[in-house]
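> this one's structure only:
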Ligand code: SF4
């Protein structure tokens, strides 16, 4: 099967455990204001590549990927769920660790695609789940999408004991970087026992030039970048929310 691929990073260091072969797929229905890959939005801008082509290329780096594996990111990989499923299925046959980096958008429990999601999960070891905001109205403003899809997907994958979940969350002023939102996020996450890591990512504006080149207006011109100190503070608040949920305390907000 062929998929639309934006790019490939043969030895990525930030998209899962160990060194990883990272496939960035094309196509994304969201329009996150802080997106640094607007060139992935249109699926047709990707280059067509087959599953075998990708895995054969991965083999060249195999000895470096021993403690890592294959990550599929985007764009939004779930847009090409059949392709990702086949890629992961064949990767598992070759004994390669698989990681899916997704926001879960497009998912809902009633979908006739549920069978497809079940299939994908059979071949997925780790999901890096990007939760962009925990409040429905603000999620809509920040991404243009529907938070419920993301939360339903988290609920769905949390029911699968074989899947390890890492949560990713971007902090940016006026949107996610405030006590209430961070605490609420933590309180929500505290109910899931297979969340094994939380990665708080400070917003940066390094994609401004890309937007200029693509002729797209950059939506966060007045939003300052954030740093590791902000991320540390944010993580503390998320953890307080998680702890309260675990202890059965009433939420602060
Ligand atoms: S989900 Fe990712 S690729 Fe899609 S708009 Fe958001 S940040 Fe960009």
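Structure received. All of these numbers come straight from a predicted model, not from anything done at the bench.
> show me which residues of stretch 182-201 are buried.
182-190, 192, 195, 198, 200-201 (16 or more other Cβ atoms under 10 Å). Where you see a C-beta, it was placed from the backbone N, CA and C, and this is true even at glycine.
> contact partners of that stretch?
Counting contacts by Cβ atoms under 8 Å, 6 or more residues apart in numbering, the residues outside stretch 182-201 that touch it are 128, 131, 134-135, 151, 154, 157-158, 160-161, 163-171, 176, 231-232, 234-235, 237-246, 251-253.
> before we move on, the earlier item: strands - which of the buried residues of stretch 182-201 land there?
195, 198, 200, 201 (DSSP state E).
> now these in TSV, please, with extra columns for pLDDT and distance to the ligand.
Compiled in TSV, these are given as follows (pLDDT from 0 to 100; distance: Cβ to the nearest ligand atom, whole Å):
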residue	pLDDT	distance to the ligand
195	97	19
198	97	18
200	98	15
201	97	11
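> show me which of those residues is closest to residue 42.
residue 201 (24.2 Å; Cβ to Cβ).
> what sits against the residue in the stretch 151-253 of the chain positioned nearest to the ligand?
Across the stretch 151-253 of the chain, the shortest distance to the ligand (Cβ to the nearest ligand atom) belongs to residue 170, at 8.1 Å. Going by Cβ under 8 Å, 6+ apart, residue 170 touches 34, 130, 132, 176, 201, 202, 203.
> if we go to 6 Å?
34, 201, 203 (Cβ atoms under 6 Å, 6 or more residues apart in numbering).
> ok, the last one - contacts?
With contacts defined as Cβ under 6 Å, 6+ apart, the neighbours of residue 203 are 34, 170, 172, 226.
> can you do 10 Å?
Residues in contact with residue 203 (Cβ atoms under 10 Å, 6 or more residues apart in numbering) are 33-34, 36, 170-173, 175-177, 220, 223-227, 230-231.
> what about these, which are in strands?
170, 171.
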